[in-house]
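*Asks:* model the structure of this input:
(one chain, ligands or ions: 1)
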Amino acid sequence: MSTHPLVALDRDHLIHPLVNYQAHEQRGVTILESGHGAYLRDAQGTELLDAFSGLWCVNVGYGQESVVRAAAEQMRKLPYATGYFHFGSEPAIRLAARLVELAPASLRHVYFTLGGSDADDSAIRFITHYYNSTGRPAKKHFISLERGYHGSSTMGAGLTALAVFHHHFDVPLPQQHKIPSPYPYRNPAGSDPDTIIRTSVEALRAKVRELGQDNVAAFFCEPIQGSGGVLVPPKGWLKAMRDACRELDVLFVVDEVITGFGRTGPMFACEAEHVEPDLMVVAKGLTAGYAPMGAVLMSDAVYRGIADNMPAGVPVGHGHTYSAHPVSAAVGLEVLRLYTEGGLLANGQARAPRFEQGLRDLLAHPLVGDARSRGLLGALELVADKADKTRFDPALKLHERIAVAAYRNRLVFRAFGDNVLGFAPALCYTADDFDLMFERLTRTLDEVL
Ligand code: PLP
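*Replies:* Predicted coordinates for the structure are as follows:
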């Protein structure tokens, strides 16, 4: 363990998200000190190539001076403005309007949060309020996908379908239900796109039938499931699920916390299939990690359903002190400008074929069973036997060995417990950055063979 004085302080006082606390106490923290472009530097002075954009969020790369200036100027002018009592601030209003301009046309109204979890949680609360307001109080059941991730709040963690988020937490709640994920590599009925789409739609219809259409509020999904292992469904899947929800009178909520803001090519993954959701949840790339912020976007029908049915003088009992925080909003406005006029969205689109080809080339590696990607979001799935797709024995802790080897090779990506390696390079990556990424990744895989 490093002898850096902060390591002991960290062990004694700072609780980290999503780690095994005992393992963390033994291993110690790796302190990140600075970043520039696609590169991070740690406290030992080691420069690391970040192929995960922090936690799939720093889409514009590190050290973007114009974002720093936007935050500093807003902080100097007015660091905080409450949204309560009918107050507001210019950057928050402009950011809401800009988001509506960029988002699918169905979405007209924006509620800002501090991140993705409270945005998913807010979406659930708004939906509940909507059905209570519009005289359909029985519509309280929520459906999401197995392996889905919708944050760590109590309600959101119940829609999340990763066992570790439930263990010892008493969720999911009885009104939270799951249907199988579209997982082409391991779909029991095969990887044919039409079959996958048909099975998902049938599973949704069957679940709604089982619960009763009058009892089902909404279906939540990620266009590509990120934390569940970067599961890329066939083109047409999202649209088919959207259409099924309309037919079943169930609200369609798309969680674009990872897939938004150029991660998969277009500004939002919905755009690729002309999908118009009832609600959309965003975070991460909205401020690219320079300040915390998330948002729920909702259709006019949902917003009006709540607004038009309110008893006079009674507020909607949902709010956060830092909702629409002006500094985060100023950051968001500049980050959106970098994607658009700043050319980063176009750069990400231009570089994506190199990234996707690099992953596909690794299918020749003895460890790699599957390579999947869309835009700059991708994964490799490592298997013990390529012919029958057998997973590695968890006791081997291969993913931990990979994480250690990756650090030695000065590369950052995410090695999930089931030996899926997730990649989300920043939209500012150059051709040289990709060459270096694949050189270091290949070396890492060779070392753990
Ligand atoms: N939804 C999705 C799809 C996510 O990937 C995440 C985080 O990874 C969240 C929600 C939760 O966001 P946050 O970690 O900002 O609370």
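*Asks:* for the ligand, what's its nearest residue on the chain.
*Replies:* Of all residues in the chain, G116 sits closest to the ligand, at 2.2 Å by CB to the nearest ligand atom. For glycine as for every other residue, the C-beta is placed from the backbone atoms N, C-alpha and C.
*Asks:* neighbours around that residue, how many?
*Replies:* 28 (other CB atoms under 10 Å).
*Asks:* which residues touch it?
*Replies:* Shown in contact with G116 (CB atoms under 8 Å, 6 or more residues apart in numbering): G151, D255, V257, V281, V282, A283, K284, G294.
*Asks:* what does L204 give?
*Replies:* By CB under 8 Å, 6+ apart, L204 lies in contact with I143, I179, F219, M241, A244, C245, L248.
*Asks:* gap between it and F126?
*Replies:* Distance from L204 to F126, counting by CB to CB, to the nearest Å: 21 Å.
*Asks:* please apply the same query to D118.
*Replies:* Taken as CB to CB, the span from D118 to F126 is 12 Å.
*Asks:* again with L248
*Replies:* Going from L248 to F126 by CB to CB gives 20 Å.
*Asks:* neighbour count winner among these two?
*Replies:* Set L248 next to F126 and count neighbours by other CB under 10 Å: F126 wins out with 22 against 18.
*Asks:* what residues does the stretch 51-200 of the chain put near the ligand?
*Replies:* G115, G116, S117, D120, Y149, H150, G151 (CB under 6 Å from any ligand atom).
*Asks:* tell me the phi and psi of the first one?
*Replies:* Yep, that's G115 we're talking about. Dihedral pair for G115: phi -180, psi -170, per degrees, to the nearest 10.
*Asks:* which residues does the nearest residue to it once chain neighbours are set aside contact?
*Replies:* Spatial nearest neighbour of G115, chain neighbours left out: G294 (4.6 Å); criterion: CB to CB, 6 or more residues apart in numbering. If you count contacts by CB under 8 Å, 6+ apart, G294 has them with 112-119, 257, 281-284, 286.
*Asks:* isn't N59 right up against V67?
*Replies:* No: N59 is beyond contact range of V67, at 11.4 Å (criterion: CB atoms under 8 Å).
*Asks:* so the two - more neighbours on which side?
*Replies:* In this view N59 and V67 are compared by other CB under 10 Å, and N59 has more residues nearby, 29 against 23.
*Asks:* what pLDDT is listed against that one?
*Replies:* Each residue has a pLDDT score; the one for N59 is 98.
*Asks:* give me the pLDDT for the residue lying closest to it once chain neighbours are set aside.
*Replies:* Closest residue in space to N59, ignoring its immediate chain neighbours: G285 at 4.3 Å, by CB to CB, 6+ apart. Per-residue pLDDT puts G285 at 99.
*Asks:* on that earlier part again, just flag the most distant two among the contacts of G116.
*Replies:* G151 and V282 (12.3 Å; CB to CB).
*Asks:* intersection of neighbour lists for the two?
*Replies:* G116, A119, V257.
*Asks:* contacts only, for the last one.
*Replies:* Applying CB under 8 Å, 6+ apart to V257 gives the contacts G116, A119, D120, G151, E222, G226, V281, V282, A283, K284, G294.
*Asks:* and it, which of the three is it?
*Replies:* Here V257 takes the coil state, with states given by DSSP: H, G, I helix; E, B strand; the rest coil.
*Asks:* next up, the contacts around L78.
*Replies:* Counting by CB under 8 Å, 6+ apart, L78 makes contact with S89, P326.
*Asks:* should've said D118
*Replies:* D118 neighbours (CB under 8 Å, 6+ apart): G151, S153, G294, H320.
*Asks:* if you set the cut-off to 7 Å instead, what comes out?
*Replies:* D118 makes contacts with S153, G294, H320, as judged by CB atoms under 7 Å, 6 or more residues apart in numbering.
*Asks:* one step back: going by distance to S34, which of the contacts of G116 wins?
*Replies:* For the contacts of G116, the nearest to S34 is K284 (20.8 Å; CB to CB).
*Asks:* quick check: closest non-adjacent residue to the closest one.
*Replies:* Leaving aside its sequence neighbours, K284 sits nearest to C57 (CB to CB, 6+ apart; 3.7 Å).
*Asks:* give me the residue at the spatial middle of the chain.
*Replies:* I258 (2.7 Å; CA atoms, centre = their mean).
*Asks:* identify the residues contacting that one.
*Replies:* Counting by CB under 7 Å, 6+ apart, I258 touches W56, E222, G226, K284, L377.
*Asks:* want to throw the shared contacts of G151 and V282 into a markdown table with pLDDT?
*Replies:* As requested, the shared contacts of G151 and V282 are exported to a markdown table (pLDDT from 0 to 100):
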| residue | pLDDT |
| --- | --- |
| G116 | 98 |
| A119 | 98 |
| V257 | 99 |
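*Asks:* just send the residues you listed back as TSV, with distance to P233 too.
*Replies:* Conversion of the shared contacts of G151 and V282 to TSV gives the following (distance: CB to CB, whole Å):
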residue	distance to P233
G116	20
A119	22
V257	17
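*Asks:* thinking again about what came up before, among the contacts of D118, which one lies nearest to M437?
*Replies:* The closest of the contacts of D118, once distances to M437 are taken by CB to CB, is G294, at 28.1 Å.
*Asks:* from E247, how far out is that closest one?
*Replies:* Applying CB to CB, the value for G294 to E247 is 30 Å.
*Asks:* just to revisit the earlier point, could you flag which of the contacts of G116 are buried?
*Replies:* Neighbour counting over the contacts of G116 (16 or more other CB atoms under 10 Å) leaves G151, D255, V257, V281, V282, A283, K284, G294 as the buried ones.
*Asks:* and which of the residues you listed is nearest R76?
*Replies:* Distances from R76 to the buried ones among the contacts of G116, taken by CB to CB, are shortest for G294, at 24.8 Å.
*Asks:* where along the stretch 101-250 of the chain do the strands fall?
*Replies:* 107-113, 141-145, 176-179, 216-221 (DSSP state E, counting those that start in this stretch).
*Asks:* format those strands as CSV; extra columns: mean neighbour count.
*Replies:* Output for the strands of the stretch 101-250 of the chain, formatted as CSV (neighbours: other CB atoms under 10 Å):
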stretch, mean neighbour count
strand 107-113, 22
strand 141-145, 26
strand 176-179, 20
strand 216-221, 25
